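> Below are the sequence and a predicted model for it; my questions follow.
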Amino acid sequence: MVNMQRRVLLVLLALAVPFALAAQQPKVVTVDSSSPLLEVKVMVKAGSAADPAGQEGLAYMTGRLLLEGGYGDPKKPVTKGQLAEITRPWGEGAYPQVLVGKETSTFSATIPREVFTDYVARVLRPLFTEPLFASAELDRVRRETLEEIRSALRFQRIELLGLLALDNDIHNGTSYAHLIEGTVRGLEQVKSESVRGFYRTWYRPENLTLAVSTKDAAIVNGLREALAGVGQRAGDAAALSPRAVEAPPLVTGRHVTIIGLPKAIATGLHAGFPIPVTRADPDFWPLYVANVWFGTHRDSFSHLYQVIREERGYNYGDYSYIEYFEGRPMYMFPPTNSPRRYQYFSIWIRTVGHDYAHHLMKALTWELENVVRNGLTPEQVEAAKNKARVLYLSLAENVDRLVGYKLDDEFYGLTAGYLDQYLARIDAVTPEAVNAAIRRCLQTENLRYVVVTDQSVAEKLADDIANNRNASGKTPKQYQLDSEQREGVQYWLIPENRLKTLQQDAVWEAYRLDVPRANIRIVKAEQMFETAAMPQ
Amino acid sequence: MLLAVTAPVLAERPPAKPAKVFPYAIHKKTLANGLDVVVIETPEFKNVLSYNTLVMAGSRNELEKGKTGLAHLFEHILFRHAYKGQVGAYQDLMERLGTHNNAWTWFDITFYHPLSFTSNLAGRTLGAEQLPGVIELEASRFAALDFNEKIFKTETGAVLGEYRNSSTFPTLRMSERLLALAFPDHPYGHETIGYYEDVVAMPDHYEAARAFYDTYYRPNNCVLVIAGDVKADQVFALVEARYRDWQAKPAAAVPAAAPLQGPKREHVGWPVDVAPRLYVAYRQPRFETASVETAVGQLLAELLVSRSAPLYKKLRFEKQTVSELAFGEGTQGFESFDPRLAIFDTQLFKEQYAPKGAAYFDEVIRDIEQGAEDLKQFSRQKDAKQILQTLKSKYRYDFLAAMSSPAAIAQILAWYYRFERDPEVFEKLLGSVERLQPKDVDAFARKYFVPQNQVIITLAYQAARAEK
């Protein structure tokens, strides 16, 4: 009897101890691969939405400074230069990188299997548990980030400016609104003390998820133990109070923000509205298929691309999104690890001649309205499902992506992983489900537009929109139609398919955007990202 | 459908140096018409097919004045192939099969890289229809491209749109000037997209486009690289059947570039208040797989502009005079058929330019020149051998990391195979890097980092009213 009780007691103790330890150790998710190179990721569940008001950029700076601010013994720190020396023989990927999003900060490294133990001891453990956040590095990173915002983002990178402005605009007034890298005023306020505070508050084992491309228990345990002490060494920096994450404000009616640049040779168009769906929702997959049809990113399959670029030759491409796509315009496929609990539907019309901007604003709205009104045919749904299957090849292309998606699965609470279920879910989508999802989630009455254009044409564009003026597109000559003279009169010779194009152009031309002048604001590029709020 | 990745040669506990550098067997066959076909079997990527056509022509082959940008335009046109005479049929069928289909153009080459499922290789049924396979469709558009002037003209509009997209970047303007100065009498002197005036006038150049296709889209001038869950024998048989009627034709020779005769320097005033930029470029040797000079070239970026390089640390962190420093086109930028350029590409700080002006550029240029100069004495550094060992190790791991998917493997193979059409290219390339000695770096620097090889482009904001 005594032995039995003792055995039970021992068993209970044996269970209790690892449980207590587990509460202090981060979770690890794995992908099975026997590649000689390990992909390792560390996701901290805090991003720019956790920036205190007035210190926009704190999350970003903390992530950057963890990597660049030195670590270890303050009297003999391992500087970023020394970190580079340590990792150099192990490949470019061995030098850790960070991606900060609205809700997460994800660190990544590629580590040759045979140096794993060495890497943990010399890099991983001390980097995360003994960061120094040197103020000289803080000043440098801040200065570089400010320069990037003031110079590149506002004046050179027209497309990115529009994409980020829409992001700001859709979430205006919430903790999601401001640029992840920070605002000009916010960055100026970020101090070492607040960086330590952010680290102490958010870089905790219970707030971390790790991912690695092996099921090898020794490696998995090694990672878990290495990060167990994160967040403890922060001096006496005050912890920050968590900041509420609010849903984006309701959009009522149509609103236009025109951003004027001093020398833009073309105009970029963006539009969007919040949607209540993320990949955690059952409605995601039918909506995903609908979006594949309407605007697959950087792919000629996109319907918008077909009618604007392919049929009419206006620009380089036209796309739509139901999830925020980090890294545009550069990336062909969505980078992993920018998960968000609040998403929005958006349309991106790549730069067009100024003269066509109004016409194409009408066009994008009409096209969206048309798909909401009519839905998709079974043939269109089948084609979109086919394309969605092909997309899988790129989404699951390599081990790094597999690991990244596994981490995002944790964020979204997807026990059946996104990639694991992808093909089956696509197969199961029906035309009925697609059209039901379109009716539920998409609409055009309440839209926010962002137009990035030259300041010299901004006022006229605003005036034209407000007055619901007709806006014509390309002329027959610009469509390179043939013409002939008959009895002194010039006639355009219009082939059958071109006739359809011109007829549709007339529909777009006359479409009423119905945006009152009070709902249109013109701002200067230099006003953007100064503070968290959109300039008025 | 998880992709379990295995590297057959590098097993559980990999040895310090693998027996063979490239982790896959390379199967190669050359058809009677001169078409090289290379197949790499990667069964661990289940049902993935990466089907690539490398055309050994790019903007480097645009020899006629007023007709630049044809190779790039052609890359677009290839997607408009009227398969079996039907407009849009190629693209339509590729889509219905299920393919991710794209391409890119560079100076030396154009690369077409559809990605699909292995089950689409030879065709399949879709309902009552029999769809042609990827091989059939690709063979058709390369060997028997069908397009007309109308299609041609619509595509020129898209290219103009593409030009507009990049024209807000000051770097495009700087590149244009850099290339014009570095290659005054060679097609490397213009950007792949072509001069703006030529892009605008492109709708009128239909005949020139046809001539470009006729000259360069020939089997002897192309390489097929197929990687994925395939069997080499099956692929060879299918390719042989589909491509045999494609006629060979000798390509036009490209004249060699004249010596640069530098130093050359030019300033670009930019109408928008952007951060100042600086290019310091040096002519490099052309790529020759097993040569010592090419091997040094493989490590040059790491030696000069990597985060551990003395020059990088000095400019970025000690003096903090630049916010960015890299090779403008990377190492790939001078892995070329003819000699190209290693470009120190930097972005400077507006706040430092305001007080210092042109002297700021001069300061950074001097530091870059000194960094290149220091390389002439590389062997004299006491840790030179150690540094080289570290770089060789990094080089090996970076090479391995690049082999991350069938598409990546195929692209890397195509890129390096094109120089000597030698399947042993990686063994030779990595072997030559392994054998490098510190004095090889000295010799390289002494020969190439010299004023005669140098072109400098500076760019800064210039308010309109300042122009007289």
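Cool, the structure landed.
> So what's the residue count around A:Pro177?
Actually, residue A:177 is Ala. It isn't Pro. 24 (other Cβ atoms under 10 Å in any protein chain shown). For glycine as for every other residue, the C-beta is placed from the backbone atoms N, C-alpha and C.
> what about A:Pro36, distance to A:Ala121?
20 Å (Cβ to Cβ, to the nearest Å).
> what's the answer for B:Gly88, then?
Counting by Cβ to Cβ - B:Gly88 and A:Ala121 are separated by 59 Å.
> residues near A:Asn374, how many?
10.
> Check for me that A:Ser346 belongs to a strand.
Yes. A:Ser346 forms part of a strand when assessed by DSSP: H, G, I helix; E, B strand; the rest coil.
> ok, it touching A:Tyr321?
Yes. Between A:Ser346 and A:Tyr321 there is a contact at 5.0 Å, judged by Cβ atoms under 8 Å.
> With neighbour numbers in mind, choose between these two.
Shown here are A:Ser346 and A:Tyr321; by other Cβ under 10 Å, A:Ser346 has more neighbours (24 against 21).
> And for the closest residue to that one other than its chain neighbours, the neighbour number?
Spatial nearest neighbour of A:Ser346, excluding adjacent residues (Cβ to Cβ, 6 or more residues apart in numbering or on different chains): A:Gly272 at 3.5 Å. When neighbours are defined as other Cβ under 10 Å, A:Gly272 has 23 of them.
> where does the chain dip in pLDDT?
Unless you meant another one, I'm taking chain A. A:1-23 (pLDDT under 70).
> oops, chain B please
Using pLDDT under 70, chain B drops low at B:1-19, B:165-168, B:464-468.
> circling back: neighbour count for B:Gly88 and A:Ala121, which is higher?
B:Gly88 (15 against 12).
> Test my guess that that one contacts B:Ala82.
Yes. In this structure B:Gly88 lies within contact range of B:Ala82 using Cβ under 8 Å: 7.2 Å.
> Now do the shared contacts for those two.
Common contacts of B:Gly88 and B:Ala82 (Cβ atoms under 8 Å, 6 or more residues apart in numbering or on different chains): none found.
> Name all residues that make contact with the residue nearest to A:His297 when sequence neighbours are not counted.
Using Cβ to Cβ, 6+ apart and skipping the chain neighbours, the partner closest in space to A:His297 is A:Tyr319 (5.0 Å). By Cβ under 8 Å, 6+ apart, the residues touching A:Tyr319 are A:295-299, A:302, A:304-305, A:347-348.
> Is A:Tyr319 within a helix or a strand, and which one?
strand A:318-321 (DSSP states H and E).
> and that strand, which strands flank it?
As defined by DSSP bridges, the strand partners of strand A:318-321 come to strand A:343-352 (antiparallel).
> By proximity to chain A, which residue of the stretch 151-300 of chain B wins?
B:Gly157 (2.9 Å; Cβ to the nearest Cβ).
> Return the set of buried residues in the strand or helix carrying that residue.
With secondary structure defined by DSSP H and E, B:Gly157 is part of helix B:149-166. Buried residues in helix B:149-166, counting neighbours by 16 or more other Cβ atoms under 10 Å in any protein chain shown, are found at B:151-165.
> Could you give the number of residues near residue 73?
In the absence of a named chain, chain A is used. Other residues close to A:Asp73 by other Cβ under 10 Å number 10.
> My question was about chain B, not that one.
26.
> which residues does the residue lying closest to it once chain neighbours are set aside contact?
Using Cβ to Cβ, 6+ apart and skipping residues adjacent in sequence, the residue nearest B:Leu73 is B:Val159, 5.5 Å away. Contacts for B:Val159 (Cβ under 8 Å, 6+ apart) come out as B:69, B:72-73, B:76, B:193, B:199, B:202.
> distance of B:Val159 from B:Trp104?
Taken as Cβ to Cβ, the span from B:Val159 to B:Trp104 is 14 Å.
> How is chain B divided into domains?
B:27-243, B:264-466 (automatic domain parsing).
> Is any residue of the last one near chain A?
Which is domain B:264-466. Yes. Interface with chain A: domain B:264-466 contributes B:271-275, B:306-308, B:313, B:317, B:320, B:323, B:349-350, B:389-391, B:393-394, B:397-398, B:400-401, B:404-405, B:407-408 (Cβ under 8 Å from any Cβ of the partner chain).
> Just to be careful, could you list which of those are in strands?
B:Ser323 (DSSP state E).
> From the residues of domain B:264-466 next to chain A, list the buried ones, please.
B:272-275, B:306-308, B:313, B:317, B:320, B:323, B:349-350, B:390-391, B:393-394, B:397-398, B:400-401, B:404-405, B:407-408.
> now the helices for the stretch 351-500 of chain A?
A:357-374, A:378-395, A:399-412, A:418-428, A:431-441, A:455-466, A:496-510 (DSSP state H, counting those that start in this stretch).
> Could you say which of those helices is packed most deeply?
helix A:399-412 (a mean of 22; mean count of other Cβ atoms under 10 Å in any protein chain shown).
> what helices or strands is that helix leaning on?
Under the contact criterion of 3 or more Cβ pairs under 8 Å, 6 or more residues apart in numbering or on different chains; DSSP states H and E, helix A:399-412 touches strand A:27-30, strand A:37-44, strand A:105-112, strand A:208-212, helix A:418-428.
> Residue nearest the middle of chain A, spatially speaking?
The structure's chain A has its C-alpha centroid closest to A:Glu326; by Cα atoms, centre = their mean the separation is 3.1 Å.
> helix/strand/coil for the nearest residue to that one once chain neighbours are set aside?
Residue nearest to A:Glu326 in three dimensions, not counting chain neighbours: A:Ser338, with 4.1 Å by Cβ to Cβ, 6+ apart. Put simply, A:Ser338 is coil when judged by three-state DSSP.
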